[in-house]
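Trainee: turn this into a structure:
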Amino acid sequence: MKRRSESIEVIMMSITIQDIAELAKVSKGTVSRVLNGGPGVGVETRKRILKLIDELDYQPNASAQGLAAKRSNNIGVIIPHTGGYSMSTTYWPTLLTAITEKAADQDYNVLLSTARSKEDVDSAYRSILKGKRVDGLIVGAEQFGEKQWADLLLKDFPFVMVGKSMSLPHYYVDVDNVGGARRMTEHLIDLGHQKITMLAGPEDLLSVRSRVRGFKEAMSKAHLDPERVTYTTYQTEDAEKTTLQILQKDPPTALFIAAGDLVLGALEAARKRKITIPDQLALVSFDDHPFYPYLSPSITAVKQPIHDLGQAAVDMLFMLMNKNTPEKKQILPVEIVVRGSSKVAR
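Mentor: Reported below is the predicted structural model:
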């Protein structure tokens, strides 16, 4: 906790020699000698100081002031997933399209940074923060940790999160995950379903927890079992495997799939079990998709305003970049789109 409080003390300032000295546990003079290539500094100490200078992208004061005065006319978008995963979903490309359109209205370009691998999410942050190539950042809140948060604050970068962080109090835009899941669950209850199971994504993600919360609220209010929740990864094969287990162990009359990434796996599991949707199993999704209306049956879904979300993030970021103070959060409403996959319980 001490390290975090030390970082917070320098939140809104440019990084100084004193900051480097405190982090390296040396004097300002030692840091200065390293910067100027002077003698009298041990090899290991010099390496430690140079590593900090590189990681924090330290600039001498005069240079930093020059960079601050000159805008790059770029904003950055950091997606804490690999490019392959991000571009294979509907969510991130739609969000990115909205961001680039809104930024273009202000004569700004967008630089995109994604993780190099699942194990190296931090690489998405490292590559875009070097050299101050952007004037502000829009950051996907999933897997956004204290280290990245401290880096951005230390560098005095204006940034906005898409999605709420579990522990970091900062500016963000999001959709009403709790309310959307609650309303969809109520839709199934109104159709007469009592054995409703939610298939949810990874439990450590706040968006997942919020949707589970909405589901449990609706189930509890109706005096139904709120614990009918099963978690899985966002991989299609895992979604299929987990759905097969649900259908074999305690088959529900309705399955609420809490993320669009899980839908294909769930549909395949139902096909393998020869379960007809919606006659034998109502199936609904949190996340809409352009192909849902064209499936047979078409999929009932919670539709997120992804395009509006991206534009709201840009608006909030430009307010921060222009030294204005927006509201700390903006929560956008969702829409319940009823189609053919949800039906009155038999």
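
Trainee: tell me where this structure has helices.
Mentor: Counting by DSSP state H, the chain has helices at residues 2-8, 17-24, 28-35, 43-55, 61-69, 83-88, 91-105, 123-129, 146-154, 177-190, 206-221, 236-249, 263-272, 306-321.

Trainee: tell me what the fourth one is packed against?
Mentor: Under the contact criterion of 3 or more Cβ pairs under 8 Å, 6 or more residues apart in numbering; DSSP states H and E, helix 43-55 touches helix 17-24, helix 28-35. C-beta: built from backbone N, CA, C; applies to glycine.

Trainee: identify each buried residue in it, please.
Mentor: 45-46, 48-49, 52-53 (16 or more other Cβ atoms under 10 Å).

Trainee: so what touches that helix?
Mentor: Residues outside helix 43-55 that contact it (Cβ atoms under 8 Å, 6 or more residues apart in numbering) are 20, 23-24, 26, 30-31, 34-35, 41, 58, 151.

Trainee: okay, now the domains of the protein?
Mentor: Listed domain ranges for the chain are 2-66, 72-174+308-331, 177-304 (source: automatic domain parsing).

Trainee: just the terminal-to-terminal distance for the longest one.
Mentor: Start to finish, the residues bounding domain 177-304 are 9 Å apart (Cα to Cα, to the nearest Å).

Trainee: picking up where we left off before, for the helices of the chain, give me a markdown table that also has mean pLDDT.
Mentor: Conversion of those to a markdown table gives the following (pLDDT from 0 to 100):
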| stretch | mean pLDDT |
| --- | --- |
| helix 2-8 | 37 |
| helix 17-24 | 84 |
| helix 28-35 | 80 |
| helix 43-55 | 84 |
| helix 61-69 | 46 |
| helix 83-88 | 77 |
| helix 91-105 | 93 |
| helix 123-129 | 71 |
| helix 146-154 | 72 |
| helix 177-190 | 98 |
| helix 206-221 | 97 |
| helix 236-249 | 96 |
| helix 263-272 | 97 |
| helix 306-321 | 96 |
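
Trainee: dump those to CSV, plus distance to V344.
Mentor: Below are those laid out as CSV (distance: least, Cβ to Cβ, whole Å):
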stretch, distance to V344
helix 2-8, 53
helix 17-24, 63
helix 28-35, 71
helix 43-55, 59
helix 61-69, 62
helix 83-88, 35
helix 91-105, 31
helix 123-129, 46
helix 146-154, 48
helix 177-190, 9
helix 206-221, 18
helix 236-249, 20
helix 263-272, 19
helix 306-321, 30
